[in-house]
Structures are given as C-alpha cells and as structure tokens.
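Undergrad: Output the structure for:
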Amino acid sequence: MDDATATTTYDAIVIGSGQGGGPLSSALARSGRRTALIEREHVGGTCINEGCTPTKTMVASARVAYLARRGADYGVHTGPITVDLVRVRQRTRDIVASFRGGSERHIEETNGLDLLRAAARFTGPKTLELRLPNGQTRPIGADLIVINTGARPSAARVPGIADVPTLTSTTIMELDALPEHLLVLGGGYIGLEFGQMFRRFGSRVTIIHHGAQLLSREDADVAGAVADILRQDGVEVLLRAETLRAERTESNGIRLTVRTPDGERALDGSHLLVALGRTPNTDDLGADAAGIQLDKHGYIVANDRLETSAPGIYALGDVKGGPAFTHISYDDFRILRANLIDGGSASIAGRIVPYTVFIDPQLGRVGLSEREAREQGLAIKVAKLPMTSVARALEVDETRGFMKALVDARDGQIVGAAVLGIEGGEIMSMLELAMMGHLPYTTLRDAVFAHPTLAESLNNLFATLDD
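TA: Here you go, the predicted model:
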C-alpha cells in the first residue's frame, strides 16, 4: 500500500471488529480469502470495551457493596462500608485490557488477515476510502464487504442540555469519585443497571423516564416489580416524567425541570447520565454511494440472511437494528460463516432471542412476553411463582421477584419466560433449553432436580398450571 492513490483489493473486507466482525474476519481469512478488518477505535467493539465486560464487572463490585451492607442480616458484622471508585475503575480497566488483548492477538496471529486501523467510508458499491489516524486517505476494495460498525449512545433532545456536562454509558465508567446525586435520563436496561449500581456505591440516584413503565418491552407486572426493587434499594423512580429543560445551578451542578403527573419539579444533581438508547454508526459510512438502504432511524436494512440492498454487502450486529445483544451479533457471525464459507442457507428467521438485564436480582427473558403472545392471539396458560416460594432463595435471603412462563395451551410447549430473581439469567437459560428441545412444560414439572437448587423451582412453577 505504498502508493496512496492505488486501490488495494482484498477478497473480503469487514468493517468493525465487534463480536461478530472479529471472528468473521478470522474465519474468512482461514478459508483462504485475503481479508481486511478495519477498526477505527478498539478491537472487540462495544461489548468488550464499553458494554458487557466493563459494566458487568462494575455491577459485581456494586453487589459486593450491597451484600457487605446486608452482612448483619446473615449474622456477619463488617463495620462501615466505603467504596473506592478508583479501585473499581482499575479492576474494570484491567479486565477490559485482558479481553481486548486476547482478541487482538488472535487477529494478529491469523494468516491472511490484515488489521487496518482506520475509519472507512464507501465511495462506491465495492470500494471504500480509509481515513488513517495520520490524516491520510487510501482506497480499498473487495467483492465481499461486511458491515459491523455497531451503535453509540443517543443524544438527548432537551432544551439547554448542550450547556450542561453529561455522561454516557461509556464516560460514566471513567469517574474517579462517586456522584453526590446522579440523575439518569432513561428507564431502559442501561439506565437501570447504572442507576442501581451507583446507588449501591453510595450515590443518591433519580431515574427520570417518560413512559408509563420502566423497560417498555416488558410486561407491566415485570416492569412494576423492577421499579419496586429499585425503590427498595433507595433509587427514586419518576414515571411519565417529561424533561422540559436542563441548566447549570449556581453551585455548578445540574438542574432538570421535569413535568410529572404530580406537577412540575426541579431536580438538582451533581451528575447527569443520558441513557436514551443507541444510534447506529451509519451517518458517516457513505451508504448512499454503495446503494445500501437505511431505515428511518439510520439502521441498515438487511434480510433474514443478513444481505443488504447492495449485492455482496452484508450487515451484522447492532448496526442492522433488532435485538442489540452481543450474543445476537455472534449468532449473526455464525449465520454468515455458514452461508459465505460453508455454502449453507442459514437464516435469522425464527431464532429464539434470550437476554438478561443485569440489575440485581437479574431479569432473564426469552421468547414472547405475555403481551406479545396475547397480541398474536395465542391461547396461552401463564405459570407464575414468587421467589418467596423458592427454597433456595429463602435460604440465601434473596427472595425479591418472581418467575413467569408462558405455555401454549394446545401442546404444552413453552413459548416465553421472564425470571426476575436471583440468577434469573441462568434459570431463564434452562427454560430456553427446553424451548430449543421442544420439551413440554410437564417434563420440567416432573423432572428430578437436585435439592436445594434454584432449578428445582421449575417443578413448582409449572405445578401452578395444575391448580
């Protein structure tokens, strides 16, 4: 690539080294294709660097603080609890660096794969312009191009917010001192995880959400129970709250004026986290030049085989919209590997989508919600069991939440579940396995699980359908 004006041609190009793009680029190279992996920032994408890995590491630290404060409940006296946020941050950085380093080494050791540190923009259907860190540009091309550029935190559209300091889900993890009062705009997964986390670290926390319930995708009973848990932890939760304006206070803090069902309120905080969803990284991709169709939100439109409107160009992960989870991005990789390398015809149609919200206790979800099932006109039976009826939860004094499973009334198949409780994600995964294996609920109702485990609660959960 000595001649900066000559187009370097590869067999395949992958834009973005996230949890789908990274392994796909390696797989393409191992299949004999000369492959370029373009990354403008950090290898590993959002998950390793700004999402799953660092946030769940911090959630673990917050849970330790929570349990330490509860020590007396178990007959253990620990004394005053303090949180060293610098140490929490360093622990998080160390784990991120370890994961990122492993990904980088794997890429660098793959024959036929070039890692190019640059930003990429389409100049035509099969060509890209690379913008290198030194400001230079170089052309590059391939007949096969895969886009894995992901998404970033969305900005807030609130009058005056440009004049106050704000935090995102990325920058909040770089704080070296606890906020005195953290204001959180948004009642989705990100806002709730950080809100509860910083409350447990010792901050006062207020969550401001415009909707009638938190977690808009969930059933009302699930969202209501989540709100109750947060309030029990000392988080102030404001629903149906419209943020009218933001401004600095005389003490250099932040004031939000919000309209609530109880009237207008002024909320004064020391820090403001904006957690209002994600925006796809397509605004500087040059999609038009390649003939790539975007939807009204800027997401790449792709079919069930992850093909875009431009022949030979595919999209995977968050940039194509749909469920924005790492495991979905990785499954997208497996689908493209099957189709592009193994000559298969894999599709995302009908795949089961599980996820876990890492509040504490966790919310594990898979398949349909009750609302979705009823909207589809399915005849369902609902099994529900409070965690106060789970022996293991009682023994460890973690009884908040409930289990809920939806069963097709015709054949007894499980079509969805929500597990809000201790290790909710793990119990949800057991239900997902049953769904994958097409086991009727009676198999779990009558199974012999070890006692005392959380798993055996599935006996009692599905026994409620026989009452």
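Undergrad: the helices in the chain, which residues?
TA: 21-30, 45-49, 52-69, 85-108, 189-201, 220-232, 287-290, 326-336, 370-375, 391-395, 424-436, 441-446, 457-463 (DSSP state H).
Undergrad: could these be laid out in TSV, adding distance to G124?
TA: For the C-beta atoms, the positions are set from N, CA and C on the backbone; glycine is no exception. Shown next, in TSV, are those (distance: least, CB to CB, whole Å):
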stretch	distance to G124
helix 21-30	21
helix 45-49	26
helix 52-69	35
helix 85-108	27
helix 189-201	37
helix 220-232	47
helix 287-290	6
helix 326-336	22
helix 370-375	42
helix 391-395	59
helix 424-436	42
helix 441-446	54
helix 457-463	55
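Undergrad: what's the burial count for G277?
TA: G277 has 15 neighbouring residues, counting by other CB atoms under 10 Å.
Undergrad: I'd say it and A156 touch.
TA: No: contact criterion CB atoms under 8 Å: G277 and A156 do not qualify, at 10.2 Å.
Undergrad: thought A346 was touching R305?
TA: Yes: shown here, A346 and R305 form a contact pair, counting by CB under 8 Å, at 7.3 Å.
Undergrad: Now the common contact residues for these two.
TA: 335, 339 (CB atoms under 8 Å, 6 or more residues apart in numbering).
Undergrad: and T260, what does it touch?
TA: Counting by CB under 8 Å, 6+ apart, T260 makes contact with 238, 240-242.
Undergrad: follow-up on the earlier one: the helices of the chain: lowest mean pLDDT?
TA: Among the helices of the chain, helix 45-49 carries the lowest mean pLDDT, a mean of 80.
Undergrad: Not counting its own residues, what contacts it?
TA: Here helix 45-49 makes contact (CB under 8 Å, 6+ apart) with 16-19, 21-22, 41-42, 53, 96, 99-100, 103, 148, 150-151, 317-318, 326, 329.
Undergrad: Also stretch 281-294?
TA: Identification of contacts with stretch 281-294 by CB under 8 Å, 6+ apart yields 15-16, 119-126, 128-129, 145, 147, 149-152, 298-301, 308-310, 313, 319.
Undergrad: From S389, how far out is E398?
TA: 13 Å (CB to CB, to the nearest Å).
Undergrad: Just want to know which of these two has more residues nearby.
TA: Higher neighbour count among E398 and S389: E398, with 19 against 15, using other CB under 10 Å.
Undergrad: I figured that one hits I422, correct?
TA: Yes: taking CB under 8 Å as the definition, E398 is a contact partner of I422 at 4.0 Å.
Undergrad: intersection of neighbour lists for the two?
TA: In contact with both E398 and I422: 361, 387, using CB under 8 Å, 6+ apart.
Undergrad: about what we covered before: let's see the PyMOL selection covering just the buried ones among the contacts of T260.
TA: Selection of the buried residues among these in PyMOL, burial being defined by 16 or more other CB atoms under 10 Å:
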select buried, resi 238+241
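Undergrad: Tell me the one among the contacts of T260 nearest to G135.
TA: Nearest to G135 out of the contacts of T260 is E242 (CB to CB; 43.6 Å).
Undergrad: Could I get the contacting residues of that closest one?
TA: The neighbours of E242, taking CB under 8 Å, 6+ apart as the test, are 210, 258-260.
Undergrad: Domain map for the protein?
TA: 8-150+279-341, 161-276, 361-466 (automatic domain parsing).
Undergrad: got JSON lines for those domains, with distance to Y355 too?
TA: Shown next, in JSON lines, are the domains of the chain (distance: least, CB to CB, whole Å):
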{"stretch": "domain 8-150+279-341", "distance to Y355": "5"}
{"stretch": "domain 161-276", "distance to Y355": "8"}
{"stretch": "domain 361-466", "distance to Y355": "6"}
